[in-house]
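Q: I need the structure of the sequence given here:
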Amino acid sequence: MSCLAVVVSGCTGPAGDAIEPDGRWVEELFHGGMTVIDLTHAVSAEAPFWPGPEVSPFSHDTLVANDDGSPRMAAYSVPEHFGTHFDAPVHGGGGLPSVDRIPTSDLFAPAVILDVTDEAEGSADYAVTLADVQKWETSHGEIPTGALVLMRSGWPVRWAQGAPYYNQDAEGQLHFPGFSAEAARFLVSERDIVGIGVDTGSVDPGNATAFPVHGIVNGSGLYHLENLADLSALPEAGAYLIVAPIKIEGGSGGQVRVFGVIP
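A: Model (predicted):
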């Protein structure tokens, strides 16, 4: 069961130790006693998007304007998998849960941060390895039950640069970091996680010839977070995540607001 101590009757910490619910967590959360970090890029027509049409697939049109021209009411159109977004299990295969069917308990999770910033700086095609997971566990203990495992690569510095974010070469090949199939398979089969996330355009590396990590993680009924914003303020262990995807009935995913909470 994934959890924040403020909302459930029992959960495990980063080292697998029990955390007892404490009403002070609620008070601290709502009165500034905890650090809350927004891990979400704003949705806009200037946001980088998966290479395709020249024009951004996001539109935001004013229907009724205020006197200064700002929208009093507007309409927007956007693909489900644009900007900081949520991949529901059905994104990986038929018969799996859509975004509106994700249990609320799975949207509150201990954060496991796999920091591969140095490796990604050395290789744009870096894929998180099983050794990276094992290195984290050597330092912090076994990945806690119900964790959301995030790759921190430092890639969000490219977000405002546009084309360098998806890093497409002259042959059309993308180059950005993601998870290896080996690491994904271990996390799904050997650890009781709720999902994985990346601060790049896909959980599969940009140079992947298919989407094996999507098939492994989504295909196992778990979810992904993609295009997360800067994760540098989160510790490798000890933080929690609040994941709030748009609730589209039958949706394969959608835009998501993600908050990191540091007790």
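Q: what sits against G33?
A: With contact set as Cβ atoms under 8 Å, 6 or more residues apart in numbering, G33 has these partners: E27. To be clear about C-beta, it is placed using only N, CA and C from the backbone, and glycine gets the same treatment.
Q: Can you tell me the SS state at it?
A: Secondary structure, DSSP: H, G, I helix; E, B strand; the rest coil: G33 is coil.
Q: now do I37
A: Recorded secondary structure, I37: strand (three-state DSSP).
Q: Can you give me the pLDDT of the residue nearest to it when sequence neighbours are not counted?
A: Residue nearest to I37 in three dimensions, not counting chain neighbours: G260, with 4.2 Å by Cβ to Cβ, 6 or more residues apart in numbering. pLDDT, G260: 97.
Q: Distance of G260 relative to V36?
A: G260 is 7 Å from V36, where distance means Cβ to Cβ, to the nearest Å.
Q: now swap in A210 and tell me
A: 37 Å.
Q: Pick out whichever of the two has more residues nearby.
A: Each of A210 and V36 has its neighbours counted (other Cβ atoms under 10 Å); V36 has more, 12 against 9.
Q: Could you report the pLDDT at the more buried one?
A: If you check V36, the pLDDT there is 93.
Q: Surely A160 forms part of a strand?
A: No. A160 is assigned helix when assessed by three-state DSSP, not a strand.
Q: circling back to that earlier point, show me what contacts the residue nearest to I37?
A: Shown in contact with G260 (Cβ under 8 Å, 6+ apart): 36-37, 39, 111, 231, 233-234, 239-241.
Q: quick check, nearest of those to W155?
A: Of all those, W155 sits closest to L231, with 9.7 Å by Cβ to Cβ.
Q: can you pull up the bridge partners for the closest residue to that closest one other than its chain neighbours?
A: Leaving aside its sequence neighbours, L231 sits nearest to R152 (Cβ to Cβ, 6+ apart; 4.3 Å). Legend: beta-bridge partners of R152 under DSSP bridges are D115.
Q: What's the local residue count around R152?
A: Neighbour tally, R152, other Cβ under 10 Å: 23.
Q: What helix or strand is the most centrally placed residue in the chain located in?
A: Taking Cα atoms, centre = their mean, the centroid of the chain lies closest to L225, which sits 2.6 Å from it. L225 belongs to strand 223-226 when elements are defined using DSSP states H and E.
Q: Report the mean confidence score over that strand.
A: Strand 223-226 shows an average pLDDT of 98 in the prediction.
Q: low-scoring stretches of this protein, by residue?
A: Scanning the chain for pLDDT under 70 picks out the ranges 1-26, 29-30, 32.
Q: For it, just list every one of the helices.
A: Per DSSP state H, the chain carries helices over the ranges 23-30, 117-122, 130-140, 163-166, 181-190, 212-217.
Q: now those as CSV including distance to P89 and mean neighbour count?
A: Formatted as CSV, the helices of the chain follow (distance: least, Cβ to Cβ, whole Å; neighbours: other Cβ atoms under 10 Å):
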stretch, distance to P89, mean neighbour count
helix 23-30, 29, 14
helix 117-122, 27, 15
helix 130-140, 21, 15
helix 163-166, 24, 16
helix 181-190, 12, 19
helix 212-217, 8, 22
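Q: Go through those and name the closest to S202.
A: In terms of Cβ to Cβ, the element of the helices of the chain nearest to S202 is helix 212-217, at 7.9 Å.
Q: which residues sit in contact with P212?
A: P212 is in contact with 181, 184, 204, counting by Cβ under 8 Å, 6+ apart.
Q: actually Y76, not the one I wrote
A: The contact partners of Y76, by Cβ under 8 Å, 6+ apart, come to 43, 58-61.
Q: quick one: which of these is nearest G195?
A: For those, the nearest to G195 is V43 (21.0 Å; Cβ to Cβ).
Q: related to what we said a few turns ago, ok, so of the contacts of G260, who is nearest R191?
A: Here the nearest of the contacts of G260 to R191, counting by Cβ to Cβ, is A111; it sits at 14.0 Å.
Q: What number of residues are in the vicinity of the closest one?
A: Look at A111: counted by other Cβ under 10 Å, it has 25 neighbours.
Q: Kindly report the same for T145.
A: Residues near T145, counting by other Cβ under 10 Å, number 17.
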